[in-house]
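S.K.: Sequence first, then the predicted structure:
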There are 2 protein chains.
Amino acid sequence: MTDTMTAEHPLDRTLGLEPLGVGLYRGATTPDYWNMAGPFGGTTAATLLKAVLDHPERRGRPVALTVNFCAALAQGGFEVAVRLMRDGRSTQHWNVEMIQGETVASTASVVAGAERETWNHAVASPPEIPPARDLPIMSAEGRNAWLQRYEFRYARGEPMRGNGSSPEQPGPALSQAWVRDLPARPLDYLALAALSDTFVVKILNVRGDIPPVATVSLSTYFMADEAALARQGSRPLATTSDARVFKHGFNDQSAELWSDDGQLLAVSHQVVWFKG
Amino acid sequence: MTDTMTAEHPLDRTLGLEPLGVGLYRGATTPDYWNMAGPFGGTTAATLLKAVLDHPERRGRPVALTVNFCAALAQGGFEVAVRLMRDGRSTQHWNVEMIQGETVASTASVVAGAERETWNHAVASPPEIPPARDLPIMSAEGRNAWLQRYEFRYARGEPMRGNGSSPEQPGPALSQAWVRDLPARPLDYLALAALSDTFVVKILNVRGDIPPVATVSLSTYFMADEAALARQGSRPLATTSDARVFKHGFNDQSAELWSDDGQLLAVSHQVVWFKG
């Protein structure tokens, strides 16, 4: 060890994949982003994406990532297998599986597309919230480890017990917040994929409590090119997240992640299972 | 042929799958839902879903369907292969591939979940539009066949050339419309999956023209149980669809499909490739 050695960021440590052959990797859980009963889904999503980005045949940037969370991942090792389903002119389509023992823990599909400039037009606007520096950092002390790996500054809808909402008197689902990695880390697609799952399950906002819950499927569309991520650096992203309906044991939720100069970097949607 | 014979609905004809073995099917394109350069993506999505629903090990209703459109499907036959990735207590996870010749034309993941009653809460509201009977039916004469397989009654944002929008002066992306199968057909998950892709690419709304476009990835979350679909029957669904951003050759779009008694039946998101 030397003074100039920089410690590995917990995100990079958690996403570490050892190649076992072309399209096959070994990884292991870390305690850094531990959630209630397994790793944070955002780091699982980023791990599956990384397996594609590390593949020698991958061309272009990620455009779409869908992750299906099939089974709880236990502490320990796992393998990730990647397959190129279609290598088209404009897009590549990849399938990914994360396997632990005999169990498929998660699957993913990734679309990669060439970077290019085209006509562009923004329909949506970033959330109107105060500057990050004017909002307090949420205390994550004593909460699940993954919440301590992000700096949250909620402008509205901080997810917390005792917020005055209840199953009988549901509150709003909408949250708006500045979010970034903690410690701060320059933004890339891996960090953005993980950030896309930092919108705490909306049932906590709406009911003020959390029954057993699990994200079932998560789709993130990356609207930013590499240059936009580089411009953003390690500064907080402006985010908004909301849900439409809780019914028959499932709810949807949607989120937007904006740069601090008003560019939509990613949109993310998920369907969440809940009990009772 | 007898007088009492009922003709097969074009949707059912198009979704016809001949079993070749467990989890393996043969299908063929039909002209009924033809689009610009291949079949309508909605019927491809419904075909992939049907392959799962027809599988003897499938339990529960569809919850999530993600379809990745990998390559154009040519007129003719194709095979569909289904694999159960994980058979969990609450959910099943399925992967599907549609193959034509040597090419993977599309892939899908399907999550199925048990029907159950839980605490429920609607955050979102249906679009506020006039009753279907008070709105004119859009003429699809001379347009792609698939547009003629649906009855569209737009309250706002009818997708059409010459709507006054242009690349230099983009118009709104939002559309609100009543939509149903034509001829009318009782709603089920297959029809709902296809209906989830009836929101004409938003670039037409925004620019008043259509460059070459293709949906890359489509995710639909089914929030309705069988009973809600049965209640809806063959009456029109209230729908709303919008986009957030067009950039680097891709745009997102999101849609909601509501029953006429105000229940959110499905939400659907997609990312679309466009040229130039």
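M.R.: Sure, I can see it. Quick caveat, the model's predicted, so the values are computed rather than measured.

S.K.: Going by residue numbers, what spans are helices in the stretch 1-150 of chain A?
M.R.: In the stretch 1-150 of chain A, the helices defined using DSSP state H, counting those that start in this stretch lie at A:10-14, A:41-53.

S.K.: Ignore what I typed, I meant the stretch 151-276 of chain A.
M.R.: Using DSSP H, counting those that start in this stretch, the helices of the stretch 151-276 of chain A run over A:189-195, A:202-207, A:226-232.

S.K.: closest to chain B out of the helices of the stretch 1-150 of chain A?
M.R.: Minimum separation from chain B across these (CB to the nearest CB) falls at helix A:41-53, 12.4 Å. Any C-beta I mention is one placed from the backbone N, CA and C, and that applies to glycine too.

S.K.: From chain B, how far off is A:L265?
M.R.: With the distance defined as CB to the nearest CB, to the nearest Å, A:L265 ends up 10 Å from chain B.

S.K.: Does that residue touch A:A224 like I think?
M.R.: Yes. Taking CB atoms under 8 Å as the definition, A:L265 is a contact partner of A:A224 at 4.1 Å.

S.K.: that older thread, deepest of the helices of the stretch 1-150 of chain A, which one?
M.R.: helix A:41-53 (a mean of 26; mean count of other CB atoms under 10 Å in any protein chain shown).

S.K.: Show me what that one packs onto, helices and strands only.
M.R.: Counting contacts by 3 or more CB pairs under 8 Å, 6 or more residues apart in numbering or on different chains; DSSP states H and E, helix A:41-53 is packed against helix A:10-14, strand A:61-69, strand A:77-87, strand A:91-100, strand A:103-113, helix A:189-195, strand A:213-222.

S.K.: So what touches the first one?
M.R.: Spelled out, that is helix A:10-14. With CB atoms under 8 Å, 6 or more residues apart in numbering or on different chains as the contact definition, helix A:10-14 has outside contacts at A:29-30, A:32-33, A:39, A:43, A:46-47, A:149, A:181, A:183, A:185, A:190-191, A:194.

S.K.: rerun that using 10 Å as the cut-off
M.R.: For helix A:10-14, the surrounding residues in contact (CB atoms under 10 Å, 6 or more residues apart in numbering or on different chains) are A:7-8, A:27-34, A:39-40, A:42-44, A:46-47, A:50, A:145-146, A:148-149, A:181-183, A:185, A:188, A:190-191, A:194-195.

S.K.: Please compute how far that helix lies from its chain's middle.
M.R.: The chain centre lies 14 Å from the centre of helix A:10-14; the measure is CA atoms, centre = their mean, to the nearest Å.

S.K.: Dump the C-alpha coordinates for that helix into PDB.
M.R.: Once side chains and other backbone atoms are set aside, the C-alpha atoms of helix A:10-14 remain, and they are given as PDB (Å, rounded to 0.1, in the frame of the first residue of the first chain):
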ATOM      1  CA  PRO A  10     -17.800  -0.100  -3.000                       C
ATOM      2  CA  LEU A  11     -19.800  -0.200  -6.200                       C
ATOM      3  CA  ASP A  12     -16.900  -1.400  -8.200                       C
ATOM      4  CA  ARG A  13     -16.000  -3.900  -5.600                       C
ATOM      5  CA  THR A  14     -19.600  -5.200  -5.600                       C
END
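
S.K.: tell me the mean pLDDT for it?
M.R.: For helix A:10-14, the per-residue pLDDT values average out at 98.

S.K.: Let's see the pLDDT reported for the nearest residue to A:V22 once chain neighbours are set aside.
M.R.: Counting by CB to CB, 6 or more residues apart in numbering or on different chains, A:V22 lies nearest to A:P56, which is 6.8 Å off, once chain neighbours are set aside. The per-residue pLDDT reported for A:P56 equals 97.

S.K.: could I get the helices of the stretch 1-150 of chain A as TSV with distance to B:M98?
M.R.: Converted to TSV, the helices of the stretch 1-150 of chain A look like this (distance: least, CB to CB, whole Å):
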stretch	distance to B:M98
helix A:10-14	35
helix A:41-53	21
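
S.K.: Now do the contacts for A:E115.
M.R.: With CB under 10 Å, 6+ apart as the criterion, the residues that contact A:E115 are A:60-61, A:225-227, B:248-249.

S.K.: try 6 Å this time
M.R.: With contact taken as CB atoms under 6 Å, 6 or more residues apart in numbering or on different chains, A:E115 is in contact with A:61, A:225.

S.K.: What of A:H248?
M.R.: Contact partners of A:H248, counting by CB under 6 Å, 6+ apart, are B:D225.

S.K.: Now it, what are its backbone angles?
M.R.: phi 50, psi 40 (degrees, to the nearest 10).

S.K.: Burial check on the closest residue to A:I210 other than its chain neighbours, number of neighbours?
M.R.: Across the structure, with CB to CB, 6+ apart as the measure, the residue nearest A:I210 apart from its sequence neighbours is A:L204 (5.1 Å). Here the count is done by other CB atoms under 10 Å in any protein chain shown, and A:L204 has 22 residues near it.

S.K.: Next, work out how far apart A:L204 and chain B are.
M.R.: Using CB to the nearest CB, one obtains 13 Å as the distance from A:L204 to chain B.

S.K.: A:A224 now?
M.R.: Here the criterion is CB to the nearest CB. By it, A:A224 lies 8 Å from chain B.

S.K.: residues from the stretch 151-276 of chain A in reach of chain B?
M.R.: Within the stretch 151-276 of chain A, the positions near chain B by CB under 6 Å from any CB of the partner chain are A:167, A:170, A:173, A:216-217, A:219, A:221, A:223, A:225, A:243-250, A:252, A:264, A:267, A:269, A:271, A:273, A:276.

S.K.: Of those, select the buried ones using a ChimeraX command.
M.R.: The buried subset of those, as determined by 16 or more other CB atoms under 10 Å in any protein chain shown, is captured in ChimeraX by this line:
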select /A:167,170,173,216,217,219,221,223,225,243,244,245,246,247,248,249,250,252,264,267,269,271,273
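
S.K.: if you average pLDDT over stretch A:123-131, what comes out?
M.R.: For stretch A:123-131, the mean per-residue pLDDT is 98.

S.K.: For chain B, tell me whether that stretch is touching it.
M.R.: Yes. Under the criterion of CB under 6 Å from any CB, chain B is reached by stretch A:123-131 at A:123-124.
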